[in-house]
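J.: Attaching a predicted model along with its sequence, questions to come.
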Amino acid sequence: MESKQVKQLLEKYFEGQTSIAEEKQLKAYFSSEDVAPDLVSYQPMFVNFRMQREEQFTKALPLQPRKHNHIVKWIGIAASFVVLFGVLQFYFSESPKEDLGTFNSPEEAFVATQKALDMVSNSVNQGVESVAVLKEYEKTKKTIFKE
């Protein structure tokens, strides 16, 4: 194979554009003894590919059965009992009856509702006042910067 053709194939090879047949040509060329002196630096790469393919793993791997750790199993069982006991304790415990703010007469309920609505109204009014200040700020900003 000509040196020029090999260089073109190498260029295609490094760009990932070669076919399998062209890669076989490159491997055959670099496996031979008559490699051009300017292409000798690529020879170890292609020879190494061939050697890697022929290499086989020959060591025996010792396979041991997995040891079951009984302590971990018993800890898991104990944790399950603790969780079960906690759930049962929560389910069967009597919670104290809380006063939910019920009133005996409708007049008392009406007065309490008016107090609550008055508090909400005050909070909303403060928010509206803040918005008015922001609108005034925006208006002033527009006159100063003339957007």
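T.: Arrived safely.
J.: Which residue ranges of this structure form helices?
T.: For the chain, applying DSSP state H gives helices covering 3-15, 20-31, 43-54, 70-92, 106-145.
J.: mean pLDDT for those: which is lowest?
T.: Here the lowest mean pLDDT among these goes to helix 43-54, at a mean of 72.
J.: ok now do S130, which residues does it touch?
T.: Going by CB atoms under 8 Å, 6 or more residues apart in numbering, S130 touches no other residue. The way it works is simple: take the backbone N, C-alpha and C, and place the C-beta from them, glycine included.
J.: circling back: can you lay out the helices of the chain as CSV showing distance to Q64?
T.: Converted to CSV, these look like this (distance: least, CB to CB, whole Å):
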stretch, distance to Q64
helix 3-15, 45
helix 20-31, 42
helix 43-54, 30
helix 70-92, 18
helix 106-145, 71
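J.: right, and those helices - which one's nearest P37?
T.: helix 3-15 (9.4 Å; CB to CB).
J.: ok, residues contacting the closest one?
T.: With contact meaning CB under 8 Å, 6+ apart, helix 3-15 is reached by 18, 22-23, 25-26, 29, 36, 38-39, 42.
J.: could I have it exported to PDB, CA atoms only?
T.: Coordinates of the C-alpha atoms in helix 3-15 are reproduced here as PDB (Å, rounded to 0.1, in the frame of the first residue of the first chain):
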ATOM      1  CA  SER A   3       2.300   5.900   1.900                       C
ATOM      2  CA  LYS A   4      -0.100   8.500   0.600                       C
ATOM      3  CA  GLN A   5      -3.000   6.100   0.700                       C
ATOM      4  CA  VAL A   6      -2.100   5.000   4.200                       C
ATOM      5  CA  LYS A   7      -1.900   8.600   5.400                       C
ATOM      6  CA  GLN A   8      -5.400   9.300   3.900                       C
ATOM      7  CA  LEU A   9      -6.700   6.200   5.700                       C
ATOM      8  CA  LEU A  10      -5.100   7.300   9.000                       C
ATOM      9  CA  GLU A  11      -6.700  10.700   8.600                       C
ATOM     10  CA  LYS A  12     -10.100   9.100   8.000                       C
ATOM     11  CA  TYR A  13      -9.400   6.700  10.900                       C
ATOM     12  CA  PHE A  14      -8.700   9.400  13.500                       C
ATOM     13  CA  GLU A  15     -11.900  11.300  12.300                       C
END
